[in-house]
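Chemist: Okay, here's the prediction I keep looking at, along with the sequence it came from:
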Amino acid sequence: MQRAVFRVPAILSRIHPSRFFTATAAINMRVVEVPCRSDNYMYLLIDEATNKAAVIDPFDFKKITAAASKEKVDIGEQLITTHHHQDHAGGNVEFAKNYKGVEVYGGSEECAGLTKKVKHGDEFSVGQDIKVKAYATPCHTQDSICFFVEDKAKNQRGVFTGDTLFIGGCGRFFEGKPEEMHTALNKTLASLPDDTIVYCGHEYTKDNVKFGAHIAPDNAAVQKLKDFAEKNSVTTGIFTIGDEKKHNVFMSQGITAERVGELREQKNNFRG
Ligand SMILES: [Zn+2]
């Protein structure tokens, strides 16, 4: 699922996969980020074996369908919602009107168009090779679910974190307490394999890392992320859970719930 490998046009990989990839780099799972609004991300989670894709937080129906036709993948069976906020779930009803029978997964009935409520530990598949597992991470909203996705045969994994974990930061605690965000970040998400790629709900990295550098000025990993964010407008789908443990001040070694709460308060008032 590394960007450099998977940006080869899908059509080429389907015609002559062996010409473009070594055995270890063969594709089965692929993720395409589709920016919308000013800083939101929608995603296509593509099972290359069947050419089927689940859509994640498809707020903008026109943009997500255009992305699916550009990638030449079939959508319309599965829609995954990270949480009920309008800028994530607000396209669900229009999507379901256009794709009758689509299964709409989410953590609560508050997610527009929900047909399949998921709870912590629930599992389902996308296409042939992708297994999805729900990790409840209540705090930003009580229905926030992080969706861990894995292609075991190809040893690839990622996690869609919605507004719980951002690159170098975390979401606001609209419906939860510091203890809940601490658990979400430093227990639940930290328990995923370190090589799990993070796909977050917003491009907030530049601001997050400015705050990170203010809190941890001597942290080399934070400086490295700061440089990256200054040079690149897209930072999702690149960093891993292992990277977050190094450059995300909300996930620093031995952090307490109280400190997570203090940092969030400071971040809310931080003007860089
Ligand atoms: Zn939100």
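Modeler: Arrived safely. Numbers count the residues shown, from 1 in each chain.
Chemist: What's the nearest residue in the stretch 1-150 of the chain when you look at the ion?
Modeler: Residue of the stretch 1-150 of the chain nearest the ion, by CB to the ion: residue 85 (3.6 Å). To be clear about C-beta, it is placed using only N, CA and C from the backbone, and glycine gets the same treatment.
Chemist: my guess is that residue contacts residue 171, does it?
Modeler: No - contact criterion CB atoms under 8 Å: residue 85 and residue 171 do not qualify, at 9.6 Å.
Chemist: Looking at these two, which one has more neighbours?
Modeler: residue 171 (26 against 23; other CB atoms under 10 Å).
Chemist: pretty sure the more buried one is touching residue 164, no?
Modeler: Yes - between residue 171 and residue 164 there is a contact under CB under 8 Å: 5.5 Å.
Chemist: what sits in contact with each of those two?
Modeler: Any residue near both residue 171 and residue 164 by CB atoms under 8 Å, 6 or more residues apart in numbering counts here, and that gives 139-140, 144, 181.
Chemist: just the helices in this protein please.
Modeler: Counting by DSSP state H, the chain has helices at residues 3-6, 10-15, 17-20, 61-71, 86-89, 92-98, 178-183, 205-215, 220-231, 241-247, 257-268.
Chemist: what distance separates stretch 192-212 from the middle of the whole chain?
Modeler: For stretch 192-212, the separation from the chain centroid amounts to 9 Å (computed by CA atoms, centre = their mean, to the nearest Å).
Chemist: ditto for stretch 177-193
Modeler: Stretch 177-193 sits 15 Å away from the centroid of its parent chain (CA atoms, centre = their mean).
Chemist: Next, the distance between the ends of that stretch.
Modeler: Taking CA to CA, to the nearest Å, stretch 177-193 runs 26 Å from one end to the other.
Chemist: Leaving out the residues flanking it, which one is nearest to the residue of the stretch 101-250 of the chain found nearest the ion?
Modeler: Proximity of the stretch 101-250 of the chain to the ion (CB to the ion) peaks at residue 163, 3.6 Å away. Of all residues not flanking residue 163 in the chain, residue 171 sits nearest, at 3.7 Å (CB to CB, 6 or more residues apart in numbering).
Chemist: Check what pLDDT that neighbour gets.
Modeler: Listed pLDDT for residue 171 reads 98.
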